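> got a sequence here, can you build the structure:
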Amino acid sequence: MNLSNLLKFFVPKETKFYAMFNEAAICCIEASVELNNLFNSSTSDELKAIRLKIKAIEKRGDDVATQVFDALNNTFITPFDREDIHELANTLDDVVDLIYSVSGKVEYYRLTEFSAYMKDMVAEIQRGCEQIQTAVNGLENFKNNDKTLRACKDLNKLESRVDKYFYLGISSLFDNEKDAIELIKQKDILLNIEKIANKMEDVSDVVKTILVKYA
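Residues are numbered from 1 along each chain as shown. Now for the predicted structure:
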């Protein structure tokens, strides 16, 4: 038995971290739901209302990340490496931050019409955030490794699907959009949605790293 496995028998379980990770994952889900709503809205009033909801969720996500960092500073023995806890909290928070950023760009660009590719991408983002919660919650009980790894694998596949929609969206944009300014705006939105999927894959990578060390 290696040292990390041996330590599991003696290290007390710090459940407060798992609860905070779950709350961060819930923020991801709620933000992704509102992002999906945003790209299926049709009026500026709807956009502004949804943007405010995402802003409130983003603030809550920041608070959760701060709670994790404070807990790290006040906990002598953590359930896994401090660096991994810090990285996981940061990456989960980044997902919500990027969703908030996209919502801001939509508002600033005064967009009210969205391509089918954008809608497909944000629908994938919403499904992926549900997998994030499954993956993160799996860290509390390593007996459910198969379920956790499936969620991580789904996140990897999701990133590939979003990439495909991104390139199709870019191709369609250059084929059909004649207004140069509108093209720049639409391209920027597509690029920033893709960044969300990339960050979600980063969450998967952090979870898998923890599993390799401790499972």
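
> Gly61 against Ile99, yeah?
No - if you go by C-beta atoms under 8 Å, Gly61 and Ile99 don't touch, sitting 9.4 Å apart. Backbone N, C-alpha and C define where each C-beta goes, glycine included.

> shared neighbours of these two, anything?
Cys28, Ala31 (C-beta atoms under 8 Å, 6 or more residues apart in numbering).

> near Asp175, how many other residues are there?
7 (other C-beta atoms under 10 Å).

> do Thr78 as well
Using other C-beta under 10 Å: Thr78 sits among 15 other residues.

> how much space separates it from Asn198?
27 Å (C-beta to C-beta, to the nearest Å).

> how about Lys153?
From Lys153 to Asn198 the distance is 16 Å (C-beta to C-beta).

> quick check on Ser41: phi, psi?
phi -90, psi 170 (degrees, to the nearest 10).

> from what I see, it and Arg51 are in contact.
No - judged on C-beta under 8 Å, Ser41 makes no contact with Arg51 at a distance of 10.0 Å.

> what comes up buried for the helix with the most length in the chain?
Counting by DSSP state H, the longest helix found in the chain is helix 180-214. For helix 180-214, the buried set under the neighbour-count rule, 16 or more other C-beta atoms under 10 Å, comprises 185-187, 189-190, 192-197, 199-204, 206-211, 214.

> give me the mean pLDDT for the helix or strand containing Tyr117.
Using DSSP states H and E, Tyr117 sits in helix 116-137. The average pLDDT within helix 116-137 is 97.

> the residue nearest to the spatial centre of the chain: helix or strand, and which one exactly?
Centroid-nearest residue in the chain, with C-alpha atoms, centre = their mean: Val95, separated by 3.4 Å. Element membership for Val95 (DSSP H and E) is helix 82-108.

> for that helix, list every residue counted as buried.
Taking 16+ other C-beta under 10 Å as the criterion, helix 82-108 shows 84-89, 91-103, 105-107 as buried.

> go on, stretch 28-41?
Residues of stretch 28-41 classed as buried: 28-39, 41 (neighbour count, 16+ other C-beta under 10 Å).

> next step: these restricted to helices.
Using DSSP H, those in helices are Cys28, Ile29, Glu30, Ala31, Ser32, Val33, Glu34, Leu35, Asn36, Asn37, Leu38.

> now, among those, which is nearest to Ile125?
Ser32 (5.1 Å; C-beta to C-beta).

> shaky segments in this protein?
For the chain, applying pLDDT under 70 flags the ranges 1-14, 215.

> can you pull the contacts of the nearest residue to Ile50 once chain neighbours are set aside?
Distances taken as C-beta to C-beta, 6 or more residues apart in numbering put Leu38 closest to Ile50, at 4.7 Å, once the chain neighbours are dropped. With contact set as C-beta under 8 Å, 6+ apart, Leu38 has these partners: Leu47, Ile50, Arg51, Ile54, Ser103, Val106, Val122.
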